[in-house]
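S.K.: For reference, the sequence and a predicted model appear below.
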Amino acid sequence: MASAALKSSVSSLLPRFGRPPRIRAHPRKDRATGLPRPPVKLVTREHAPCRLEDHYYNTLQDDLMYMTYKHEHLPRPTPRQIRLTFDPNDPYAKNRYNPPVGGSRVGKKLPPPSTANNVIKLEKIVVHSMVKEALQSKSNLLGAIMALRALTGESHKAGGRHKVEGVQLVRGKKSVGGWIRPGVPVGAKVVLKGQSMYDFISTLVEFVLPRLREFNGVVLPPESSSSSSPSSVSGVVSFGLPPQAMGFFPQIEVNQDSYPKMYGMHIHFVTNATGLGAENRARALVSGFQIPFVRR
Amino acid sequence: MSRIEALAKFGASVFTGRGEDVQTTSYFFSYTVRHSPLCRTLATEAQASMSASTSSPPPQPTTSKKSLKPRLSTAIILNRSPIITRSRTPFEQAYYAYQARIRRALHQPFPYDFYFKQGSLLETRFNLEEKEREKAAFGPGFVQEEWQDPAKAEADKAAVKVLAQQEGEGEPLTPRVHPSDTSGDTKSLDRAGERNLYLLLKSTEGGKDVWRFPQGGVDKSEFLHQAAHKQLLAQCGETMDTWIVSRNPIGVYKPTQTDANAPEHVVFFYKGHIMAGQAAPAEGIQDFAWLTKEEIEKQVDKTYWENVKDMLSDF
């Protein structure tokens, strides 16, 4: 009803664009399918304003820039050359990998200098679910695939976008005796970007987290945990939801009986933060979307 | 979009407007602020050390030539974030209408039997609404009416209407314009819901009435961001819950000095958010107002405006 009201208000405002265009020429039809072939490549883009995206650009981005800004009044010193590098003109050493002394030191790298252009930003959300029963029979994955599709609304190349992959299968990588073999499907995952990412957060925050029993927030690691581990310098915030949580998503709740069972899931918020303290900065961003964090 | 729905923004900012029911919480808040050396709510990394603040002298209007250290002050830009979504320009509306139509044209087939029981009331309602949406998107000629028993069609429509009434549909949404917008009440926190509002105080400086942000001096061995928050509480009362965003100042302003011998005066600006409550100006403060960026330009001094305008949000 509300959408109809919006439509009518839009069409009254916009006599040219609100109304469907008259079809002037009939497009050529595809021989194989019999469907009309549009003369241009159609791609869907944002079709409605996005509240959380607005919130990010109106409030969060400024606040995060102020919170994470580190003042550096001098340019950073160049890394010390401990050992002679290969002579690039030596044909023997040419194109050879020149390993840094003491390893790559990924965990020790400083974040890039704070500027207005590299304020922390959410890049994508990955939702994935492992179904152990899929090891017995692949058909046990179908419920999880359907549930993830209903949850996120993503499908393969949806809206004419070739990068959108929809729900993908997760296959085993290693061979673990008696359990898993490479190439065996064990789960499903979805990558959310752009508006659907923000829509997912708002459903999660408004419908799911408040109704979870005994959920006070995402538990932070103890303060003694390492600050240079790969996970704490990669700018990704991850947490899991129990199988009961899936039933609280309104997309699933409406016909929960249609699914064979409820599935737990892991959610990864991938941000553009890198370097020391990246995970903490990512947590500051995610908590700005009202996802609570607690320290045990 | 209702006002309440849009309220679920930054810090669950339900503005009560009156001070009575927030007294207890704000008391607790001010207590914690006074007794914790560093009050931070978000788990961010450690910030750059504020070495400048430790060496700051107390604000003293001394004229001796010995003290050339600058006199430090802090000011707070207290912000009320937008509480409703921004209304869109005609161009944006046209763009969204066009994209929604493309999306409708390209969407994958909807699995009716997965979501609805065959012949259920919910399915009937969905089909009727879907027809309306198709008509709105592609024109009345696009939807082909299937033959249906007229009596049954009438019964369906009536049943759907009853269902809609039961679910409380058709109730008017909260208007996007608040009464304080029409009455021009600049003290209300519900005004201009689409915009960022900032707290401005009216006080007397040098025998003149000026509008400025809450501002005050820094004591010795006090952190700048704590001094800023203390001054805010001192000038605007303790009836509101606020959060100072960062320990880093967001801007600096050096007022022109009338007395050549006086030490330089430096004002550091901090950003804060109001979470609940309302300002209750203390003695010495004549008035307060919650204003948008354009309204601030009209109120404040020109040089002051030139220094603060880039710290304020255009929306």
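M.R.: Noted; the coordinates are in hand. Numbering: from 1, shown residues only, chains lettered A, B, ... in the order given.
S.K.: need the residues of the stretch 101-250 of chain A near chain B, please.
M.R.: By Cβ under 8 Å from any Cβ of the partner chain, the residues of the stretch 101-250 of chain A that approach chain B are A:Ser155, A:Ala158, A:Gly159, A:Gly160, A:Val205, A:Glu206, A:Leu220. C-beta: built from backbone N, CA, C; applies to glycine.
S.K.: Tell me which two of the residues you listed sit farthest apart.
M.R.: When those are compared pair by pair using Cβ to Cβ, the farthest-apart members prove to be A:Gly160 and A:Leu220, with a separation of 41.2 Å.
S.K.: Closest to the centroid, which residue in the chain?
M.R.: Assuming you mean chain A. Most central in chain A under Cα atoms, centre = their mean is A:Ile125, positioned 1.5 Å from the mean C-alpha point.
S.K.: oops, chain B please
M.R.: By Cα atoms, centre = their mean, chain B has its centre lying nearest to B:Ser81, at 1.0 Å.
S.K.: these two touch, right, that one and B:Lys271?
M.R.: No: using Cβ atoms under 8 Å, B:Ser81 makes no contact with B:Lys271, being 11.1 Å away.
S.K.: Can you list the residue ranges for strands in the chain?
M.R.: No chain in the question, so chain A it is. Using DSSP state E, the strands assigned to chain A run over residues A:122-130, A:167-171, A:185-192, A:218-220, A:236-241, A:265-271, A:293-295.
S.K.: ah, no, chain B please
M.R.: With DSSP E applied, chain B shows strands at B:71-80, B:197-205, B:208-212, B:215-217, B:240-244, B:251-253, B:265-277, B:285-291, listed in chain order.
S.K.: Most tightly packed of those?
M.R.: The highest average neighbour count among these, using mean count of other Cβ atoms under 10 Å in any protein chain shown, belongs to strand B:71-80 at a mean of 24.
S.K.: Now do that one and strand B:197-205, the angle between them.
M.R.: Here strand B:71-80 points in a direction 140 degrees away from that of strand B:197-205 (axes from the mean of the first three to the mean of the last three Cα atoms, to 10 degrees).
S.K.: Take strand B:71-80, keep the C-alpha atoms, and write them as CSV.
M.R.: Coordinates of each C-alpha in strand B:71-80 appear next as CSV, following Å, rounded to 0.1, in the frame of the first residue of the first chain:
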residue,chain,number,x,y,z
ARG,B,71,45.7,30.5,26.3
LEU,B,72,43.9,27.3,25.4
SER,B,73,40.1,26.8,25.2
THR,B,74,38.0,24.0,24.0
ALA,B,75,34.6,24.2,22.2
ILE,B,76,32.1,21.4,21.4
ILE,B,77,30.2,21.1,18.2
LEU,B,78,27.3,19.2,19.7
ASN,B,79,25.4,17.5,16.9
ARG,B,80,22.0,16.0,16.5
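S.K.: mind checking how far that strand is from the chain centre?
M.R.: Computed by Cα atoms, centre = their mean, to the nearest Å, the separation of strand B:71-80 from the middle of its chain amounts to 17 Å.
S.K.: now swap in stretch A:103-120 and tell me
M.R.: The mean C-alpha position of stretch A:103-120 is separated from the chain mean by 20 Å, Cα atoms, centre = their mean.
S.K.: Contacts for that stretch next, please.
M.R.: With Cβ atoms under 8 Å, 6 or more residues apart in numbering or on different chains as the test, stretch A:103-120 has contacts from A:61, A:64-65, A:68-72, A:76, A:226-230, A:232-233, A:235, A:271-278, A:281-282, A:284-285.
S.K.: hmm, which of the residues you listed are the buried ones?
M.R.: Buried members of these, scored by 16 or more other Cβ atoms under 10 Å in any protein chain shown, are A:61, A:64-65, A:68-69, A:232-233, A:235, A:271-278, A:281-282, A:284-285.
S.K.: and the residues you listed, which of them are in helices?
M.R.: Counting by DSSP state H, the buried ones among the contacts of stretch A:103-120 place A:Gln61, A:Leu64, A:Met65, A:Thr68, A:Ala278, A:Arg281, A:Ala282, A:Ala284, A:Leu285 in helices.
S.K.: what sits against the fifth one?
M.R.: Under the criterion of Cβ under 8 Å, 6+ apart, the contact list for A:Ala278 reads A:Pro111, A:Ser232, A:Val233, A:Ser234, A:Gly235, A:Thr271.
S.K.: repeat that for 10 Å
M.R.: By Cβ atoms under 10 Å, 6 or more residues apart in numbering or on different chains, the contact set of A:Ala278 is A:68, A:109, A:111, A:120, A:231-236, A:271-272, B:45.
S.K.: From A:Asp199, how far out is it?
M.R.: A:Ala278 sits 25 Å away from A:Asp199, going by Cβ to Cβ, to the nearest Å.
S.K.: Farthest from the middle of chain B: give me that residue.
M.R.: Taking Cα atoms, centre = their mean as the measure, the residue most remote from the mean C-alpha position of chain B is B:Asp149, 54.1 Å away.
S.K.: And that residue, how far from chain A?
M.R.: 26 Å (Cβ to the nearest Cβ, to the nearest Å).
S.K.: Backbone dihedrals for that residue, please?
M.R.: With angles defined as degrees, to the nearest 10, B:Asp149 sits at phi -60, psi 120.
S.K.: got a list of what it touches?
M.R.: Taking Cβ under 10 Å, 6+ apart as the definition of contact, the neighbours of B:Asp149 are B:Ala155, B:Asp156.
S.K.: pLDDT below threshold where in the chain?
M.R.: All of this is about chain A. Counting by pLDDT under 70, chain A contains low-confidence ranges at A:1-21, A:23, A:84.
S.K.: not what I meant, chain B
M.R.: Segments of chain B classed as low confidence (criterion: pLDDT under 70) are B:1-67.
S.K.: just the helices in it please.
M.R.: Using DSSP H, helices in chain B cover B:3-7, B:23-35, B:51-54, B:90-106, B:112-115, B:121-138, B:150-166, B:179-183, B:224-236, B:293-299, B:302-308.
S.K.: The fourth one vs chain A: in contact?
M.R.: Yes: with Cβ under 10 Å from any Cβ of the partner chain as the measure, helix B:90-106 is seen reaching chain A through B:90-106.
S.K.: If I take that helix and helix B:121-138, what angle do their directions form?
M.R.: Angular relation of helix B:90-106 and helix B:121-138 on a 0 to 180 degree scale: 120 degrees, by the same axes, to 10 degrees.
S.K.: Could I have the buried ones of the residues of helix B:90-106 next to chain A as ChimeraX selection syntax?
M.R.: Applied in ChimeraX, the following selects the buried portion of these according to 16+ other Cβ under 10 Å:
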select /B:93,94,95,96,97,98,99,100,101,102,103,104
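S.K.: burial measure for whichever residue of the stretch 51-200 of chain A sits closest to chain B, as a count.
M.R.: Of the stretch 51-200 of chain A, the residue with the smallest distance to chain B, taken as Cβ to the nearest Cβ, is A:Tyr66 at 3.8 Å. The local packing of A:Tyr66 (other Cβ atoms under 10 Å in any protein chain shown) involves 19 other residues.
S.K.: Now it: closest residue in space that isn't a chain neighbour?
M.R.: The shortest distance from A:Tyr66 to any residue other than its chain neighbours is 3.8 Å, reached at B:Ser246 (Cβ to Cβ, 6 or more residues apart in numbering or on different chains).
S.K.: Give the full set of residues in contact with the residue lying closest to A:Pro39 once chain neighbours are set aside.
M.R.: By the measure of Cβ to Cβ, 6+ apart, the closest residue to A:Pro39 outside its immediate chain neighbours is A:Pro27, 6.1 Å from it. Counting by Cβ under 10 Å, 6+ apart, A:Pro27 touches A:Leu35, A:Pro36, A:Arg37, A:Pro38, A:Pro39.
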